[in-house]
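> Kindly generate the corresponding structure for this input.
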Amino acid sequence: MPLSSTVRRLVVAALGGGVLMFLCGAVAHVGLGLESRAMRALPGEGPFRDTLRAMPLTPGMYQYPSMADWEGGDGDAGARDLALAAEWKKGPSGILLVAPTGEEPMGAYQLGGELASNCLAAALAALALVLQGPAGFARRWVGLMLLAPVAWLSLTLSHHLWYRFPLSFTVDGLVVALVEWAVAGAFMAWMLTGQRPAASA
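Residues are numbered from 1 along each chain as shown. Predicted coordinates for the structure are as follows:
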């Protein structure tokens, strides 16, 4: 394909693929409740939030028990590690995420950022396929769908292993990613299917 045609197809594939990913994500999260169904209501939420307000905490991630309490000092490092492990096992242990106050739970930053990130992901994936040279629809589509498990294995699964994200949340993440890349990937593969040059006489 001529360069101008390739660039045009690349732009359309990126924008169209990003929008399709965004819509698939909306259906999966809002319509089907994937990932969010793993989040439970906290017993005694009111008093718990009052306690947090009284601290107060700046927005960020907090680990408990904190490794900082066992780091540094002149004590034996092995003994500190054992003490931390014992405290962790005693429970409760986990991560507390504190969001900035005054924000909408689902505002322009979240929606706009999600759409922009989807389009950027689609653009990078499309560019990677174009740089690989001409290929048919099926090969392009499979190549795009493989991005879902690759990203899941390298990031989402790590969150389950190290930060103890619930297994149901982790599995839902793979399902969402597969659906997004399957639908968006079909459109992108169709847009980016290259025609092999004819053999010279």
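> any chance you could map the strands in the protein?
Per DSSP state E, the chain carries strands over the ranges 60-64, 94-98.
> Residues contacting the first one, please?
Contacts of strand 60-64 from elsewhere in the structure, counted by Cβ atoms under 8 Å, 6 or more residues apart in numbering, are P92, S93, G94, I95, L96, L97, V98. Quick note: C-beta positions are derived from backbone N, CA and C, even for glycine.
> run the last query once more with 7 Å
By Cβ atoms under 7 Å, 6 or more residues apart in numbering, the surrounding residues in contact with strand 60-64 are S93, G94, I95, L96, L97, V98.
> likewise stretch 99-110?
P59.
> just how off-centre is that stretch within its chain?
18 Å (Cα atoms, centre = their mean, to the nearest Å).
> Please save the CA atoms from it in PDB.
Extracted in PDB, the C-alpha atoms of stretch 99-110 (Å, rounded to 0.1, in the frame of the first residue of the first chain):
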ATOM      1  CA  ALA A  99      -8.500   8.600  46.400                       C
ATOM      2  CA  PRO A 100      -8.400  12.400  46.300                       C
ATOM      3  CA  THR A 101     -11.300  14.100  47.900                       C
ATOM      4  CA  GLY A 102     -13.800  16.200  45.900                       C
ATOM      5  CA  GLU A 103     -13.600  14.200  42.700                       C
ATOM      6  CA  GLU A 104     -16.500  12.600  40.900                       C
ATOM      7  CA  PRO A 105     -16.400   8.800  41.000                       C
ATOM      8  CA  MET A 106     -16.800   8.700  37.200                       C
ATOM      9  CA  GLY A 107     -15.800  12.000  35.700                       C
ATOM     10  CA  ALA A 108     -14.300  13.400  32.600                       C
ATOM     11  CA  TYR A 109     -10.800  12.500  33.700                       C
ATOM     12  CA  GLN A 110     -11.600   8.900  34.100                       C
END
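> Buried ones in that stretch, by neighbour count?
Buried residues in stretch 99-110, defined by neighbour count with 16 or more other Cβ atoms under 10 Å: none.
> Kindly report the same for stretch 184-192.
For stretch 184-192, the neighbour count (16+ other Cβ under 10 Å) marks A184, G185, A186, F187, M188, A189, M191, L192 as buried.
> wait, which of those residues is closest to L146?
Set against L146, the nearest of those by Cβ to Cβ is G185 (9.3 Å).
> Contact partners for the closest one?
Neighbour list for G185: W141, L144, M145 [criterion: Cβ under 7 Å, 6+ apart].
> Relative to D81, how far out is the nearest residue to it once chain neighbours are set aside?
Counting by Cβ to Cβ, 6 or more residues apart in numbering, L144 is the residue found nearest to G185 once chain neighbours are left out, at 3.3 Å. Distance, L144 to D81, using Cβ to Cβ, to the nearest Å: 43 Å.
> Neighbour count: the two, which is higher?
Taking neighbours as other Cβ atoms under 10 Å, L144 and D81 compare with L144 leading, 25 against 13.
> Pretty sure that one sits against M188.
Yes: applying Cβ atoms under 7 Å, one finds L144 in contact with M188, separated by 6.0 Å.
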